[in-house]
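Trainee: Fold the following for me, if possible:
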Amino acid sequence: MIIFLITFTVSSIGSNAYADQMTAVLSPQQNQAEPVFTASRFITLQYDPTSELAKKFGNVSEDFKFRANSSTPGMSELLSGINKDIITEKQSPIFIENGTIDYSASLRGSSDKLTISYKVVFTPTISGFTLPNNNSGAASLVDLDWRGFYTSRPLELQVPNVGNFSVNYPLSLLEIKYPELAQQVNSTEANEIFKTPLFNFKDIGTPMDRWHFLFDPTGSQASTAGSGYQELGGARVVSIYSLGESSFREGVMEAKESDVKAIINGTNVNIHSSDPPPSGQIQIAGFASVSKTGNSEIASVTENAPEGTATATGGFPQQVLIILAGMMAAVSVFVLWKARK
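Mentor: Residues are numbered from 1 along each chain as shown. Below you'll find the predicted structure:
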């Protein structure tokens, strides 16, 4: 039992090393929510320390960021495009009414490599996830298919003092900062990496039976254990689904890696791209039970859980959450100590 608790705790720490790729708090009664989707990517260009690229990018240290909202030119078209993709690819009835985008990137150069990091936080306002149910007094039905959406559209915005900018293609950053490098990248095999969409949340669409489930009839234990519990309209009953724990039951969530070789400015360059492992959390007000029909997943939500319902996936006892809360600090210190050895 002790070994299991330590393994569970360490895996939880590991999964939190990266920002969540999707979090959502859903209330069937409100039928409106603001989920947060986070796209992250790291691209490294490794080159010869004696090359011209090393001379040009060796001391680069730049940051680039902006925030876009409904008043940003292009946002309406961006949201409309994503709505179309969700309907076409996921057959989901949800509708994105509004949204914000926080885009941040950094370029860091050294003697033998240039590292580019991307982080795009998309916070849409959605409605329509509660499905019609003609049975009076029956459970509310919540659509979950929209969570794993994907779009290959450029998602272009008119950014002040920048101009036309794609928040979906990594190449757009180079086109703004280093147009000559972008042009050369675009004419080589590296183009495949720099035009791979950032808005790819297919892994968040991992079947719900691979998400860890916790039902908290009071909300107090979920809050104590640091699950991120949020009260909805005074409701104390909550179902929490978490992805990314990498347990024996849920499986291992892995990073997406890709490599290409290219000749840029006469120099052989090894290009590596990495997306963090998927992670996410969905909180639903009430007791939720997910059923699957074909490729579609729907949560049936009632105010209270049936008698004898296990509090978590596999009957994971609620008392363990209290133990985990106490153990977290000790294990964190141990991990930090080992890292410094």
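Trainee: which residues touch residue 112?
Mentor: The contact partners of residue 112, by C-beta atoms under 8 Å, 6 or more residues apart in numbering, come to 46-49, 54. Just so you know, the C-beta spots here come from the backbone N, C-alpha and C atoms, and that holds for glycine as well.
Trainee: Selection in PyMOL covering whichever of those are buried, please.
Mentor: To isolate the buried members of these in PyMOL, using 16 or more other C-beta atoms under 10 Å:
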select buried, resi 47+54
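Trainee: Now do stretch 256-263: distance to the chain's middle.
Mentor: Centroid separation for stretch 256-263 versus its chain: 23 Å, with C-alpha atoms, centre = their mean, to the nearest Å.
Trainee: and which of the contacts of residue 112 is nearest to residue 305?
Mentor: residue 46 (53.1 Å; C-beta to C-beta).
Trainee: Wait, that closest one touches residue 268, no?
Mentor: No: Residue 46 lies out of contact with residue 268 (C-beta atoms under 8 Å); the separation is 9.4 Å.
Trainee: Which stretches in the stretch 151-300 of the chain count as strands?
Mentor: For the stretch 151-300 of the chain, the strands defined by DSSP state E, counting those that start in this stretch cover 156-159, 163-166, 212-216, 238-243, 256-264, 267-275, 280-285, 287-293, 296-302.
Trainee: As TSV, those strands with distance to residue 115 and mean pLDDT would be great.
Mentor: Below are these laid out as TSV (distance: least, C-beta to C-beta, whole Å; pLDDT from 0 to 100):
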stretch	distance to residue 115	mean pLDDT
strand 156-159	23	97
strand 163-166	21	97
strand 212-216	33	87
strand 238-243	27	92
strand 256-264	15	95
strand 267-275	10	96
strand 280-285	26	94
strand 287-293	39	92
strand 296-302	37	94
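Trainee: Please name whichever of these is nearest to residue 199.
Mentor: strand 163-166 (10.4 Å).
Trainee: and the closest one, which strands flank it?
Mentor: strand 156-159 (antiparallel) (DSSP bridges).
Trainee: low pLDDT regions in the stretch 1-150 of the chain?
Mentor: 1-20, 136-137 (pLDDT under 70).
Trainee: what does stretch 50-62 contact?
Mentor: Residues contacting stretch 50-62 (C-beta under 8 Å, 6+ apart): 45, 47-48, 106-112, 114, 177, 264-267, 269.
Trainee: Now do the buried residues in that stretch.
Mentor: Result for stretch 50-62 [16+ other C-beta under 10 Å]: buried residues 51, 53-54, 56-58, 60.
Trainee: Kindly indicate which of the contacts of residue 112 lies nearest residue 260.
Mentor: Using C-beta to C-beta, the contacts of residue 112 come closest to residue 260 at residue 46, 11.5 Å.
Trainee: okay, the angle between the one helix or strand residue 118 maps to and strand 267-275?
Mentor: In the assignment (DSSP states H and E), residue 118 maps to strand 113-127. On the basis of axes from the mean of the first three to the mean of the last three C-alpha atoms, to 10 degrees, strand 113-127 is oriented at 30 degrees to strand 267-275.
Trainee: could you say what helices and strands strand 113-127 packs with?
Mentor: strand 32-33, strand 36-46, strand 95-109, helix 171-177 (3 or more C-beta pairs under 8 Å, 6 or more residues apart in numbering; DSSP states H and E).
Trainee: Need the three-state assignment for the residue lying farthest from the centre of the chain.
Mentor: The outermost residue of the chain, judged against the average C-alpha position, is residue 50 (38.3 Å), by C-alpha atoms, centre = their mean. Three-state assignment for residue 50 (DSSP: H, G, I helix; E, B strand; the rest coil): coil.
Trainee: State the distance from it to residue 240.
Mentor: Applying C-beta to C-beta, to the nearest Å, the value for residue 50 to residue 240 is 54 Å.
Trainee: now that we're looking at residue 123, which residues does it contact?
Mentor: Applying C-beta under 8 Å, 6+ apart, the residues contacting residue 123 are 34-37, 99-102.
Trainee: Same check on residue 257?
Mentor: 272-274.
Trainee: Just name the closest of the residues you listed to residue 73, please.
Mentor: residue 273 (29.7 Å).
Trainee: Any idea what that closest one is bridged to?
Mentor: Applying DSSP bridges, one finds that residue 273 bridges with residue 43, residue 258.
Trainee: give the contact list for it.
Mentor: If you count contacts by C-beta under 8 Å, 6+ apart, then residue 273 has 41-44, 193, 196, 256-259 around it.
Trainee: Could you rerun that using 7 Å?
Mentor: Residues near residue 273 by C-beta atoms under 7 Å, 6 or more residues apart in numbering: 41, 43, 193, 258.
Trainee: that older thread, which of the strands of the stretch 151-300 of the chain sits closest to residue 135?
Mentor: Taking those one by one with C-beta to C-beta, strand 296-302 is closest: 11.2 Å.
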